[in-house]
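Trainee: Provide a 3D model corresponding to the input given below.
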Amino acid sequence: MTQTSPPGWHPDPGYTGFGPRQERWWDGTQWTDHLRVPPAAVRSRRIRIGAGVTAAVVVLAAVGGGVYLLNDDSGGGNDSASAPSASPSPGPDRQRGGGPGGGGNGDDRGDGGGESPEQDQPEIEKGYATDLASGISIPVPDGWKGESGMGAGVTTGSYACPGDTDETCVRGGVFSAPAEALKLTTRTAKATAEKDIEANAEASYGEKIYGGITSHEELKSEAVTVAGQQGYRVRWKVVTKNGDDGYVESLAFPSPLAKDMLVVVRSGFDINAKAPALSVLDDMTKGIKAASGGGSGGGTDA
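Mentor: Just a heads-up that it's a prediction; the model follows:
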């Protein structure tokens, strides 16, 4: 093991091959317990359709009605725990916000000084599903199930999907992910929500699970404040060919971690007496907040 590599983020030497490939903080002499998802490597891989979740999925970056698993495409992990040999990526204080003209002096902080990585690591809080990639926490209502990870998911009311009884659907689901993970390249919250709603509807209530969407009605298209950020939401009522009709919503807003990162929250609620009321969705939206310990690099644009 070399002792000459300066502190920085490097590929996790303990990566097992499951879930997202993360980076681990090297403090100049040893590997620490601090992990993060590489900002430039947030990817998603669709693993199922319908308003359901698979119980085995732990790391969620999902859509209302569908579940996505963040997964690195670059192959297996590195089982070696040796010190990193490449130059480290900048520390967390120079990864967030500001752009090239932002803070930091560009050095490698080889003396171990300056901001430590844990100051930028979001914490998973009780009663919330925390999206570590986006830096937000979604409240988990009583009786609901929350999943935290590189993306967050909150679901309730599981049942056999109408178009494929081998699949499990849920009566209500709220999921978050960075817009980049959903391949959304629009630059404003309004444009992102407007572009995402059709994909959200199709993933939630389309294809074989519900026989496709026969029509939709726009219920909301409006600005909304979420986690202190100026965002935008679009809500549709969709009519399906098989099974329950539903409500879908795409909500977009700047991440509290960095104002140039957009977060997308996709929701899907069945229209059924056993499904939660839309007022629950409104309450959950109001309750979304910046994840504790995740920094405050966001802020709204003028």
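
Trainee: select the longest strand from this structure.
Mentor: strand 213-226 (DSSP state E).

Trainee: got a pLDDT number for the residue nearest to R36 when sequence neighbours are not counted?
Mentor: Spatially, and ignoring its direct neighbours in sequence, R36 is nearest to E23 (5.5 Å; C-beta to C-beta, 6 or more residues apart in numbering). For glycine as for every other residue, the C-beta is placed from the backbone atoms N, C-alpha and C. Looking at E23, its pLDDT is 77.

Trainee: now E23: how far from G173?
Mentor: When distance is defined by C-beta to C-beta, to the nearest Å, E23 is 29 Å away from G173.

Trainee: tell me which of those two has more neighbours.
Mentor: When E23 and G173 are compared for neighbours, G173 comes out ahead with 29 against 21, by other C-beta atoms under 10 Å.

Trainee: return the set of residues that bridge with that one.
Mentor: According to DSSP bridges, the residues that bridge with G173 are T155, G268.

Trainee: hang on, it packs against S267?
Mentor: Yes. Assessed by C-beta atoms under 8 Å, G173 is found in contact with S267 at 6.8 Å.

Trainee: look up how far T225 lies from M150.
Mentor: 25 Å.

Trainee: these two: which is more packed in?
Mentor: Counted by other C-beta under 10 Å, M150 and T225 do not tie: M150 has more neighbours, with 25 against 12.

Trainee: doesn't G135 make contact with that one?
Mentor: No. Using C-beta under 8 Å, M150 is not in contact with G135; the gap is 11.2 Å.

Trainee: so where's the stretch 51-200 of the chain uncertain?
Mentor: Along the stretch 51-200 of the chain, the model assigns pLDDT under 70 to residues 51-123.

Trainee: please, where are all the strands along it?
Mentor: 67-69, 128-131, 136-139, 145-147, 152-160, 168-178 (DSSP state E, counting those that start in this stretch).

Trainee: can you check which of these gets nearest to K208?
Mentor: Comparison of these against K208 by C-beta to C-beta identifies strand 168-178 as nearest, at 12.3 Å.

Trainee: what about Q230, which SS state?
Mentor: strand (DSSP: H, G, I helix; E, B strand; the rest coil).

Trainee: next one: V280
Mentor: Classified using three-state DSSP, V280 is helix.

Trainee: how much space separates it from R187?
Mentor: 31 Å.

Trainee: now swap in K220 and tell me
Mentor: 22 Å.

Trainee: looking at the two, which one has more neighbours?
Mentor: The neighbour comparison of K220 against R187 (other C-beta under 10 Å) goes to K220, with 13 against 10.

Trainee: doesn't R235 make contact with that one?
Mentor: Yes. Under the criterion of C-beta under 8 Å, K220 makes contact with R235 at 3.9 Å.

Trainee: overlap of the contact sets of the two?
Mentor: Here K220 and R235 share the contacting residues E249, scored by C-beta atoms under 8 Å, 6 or more residues apart in numbering.
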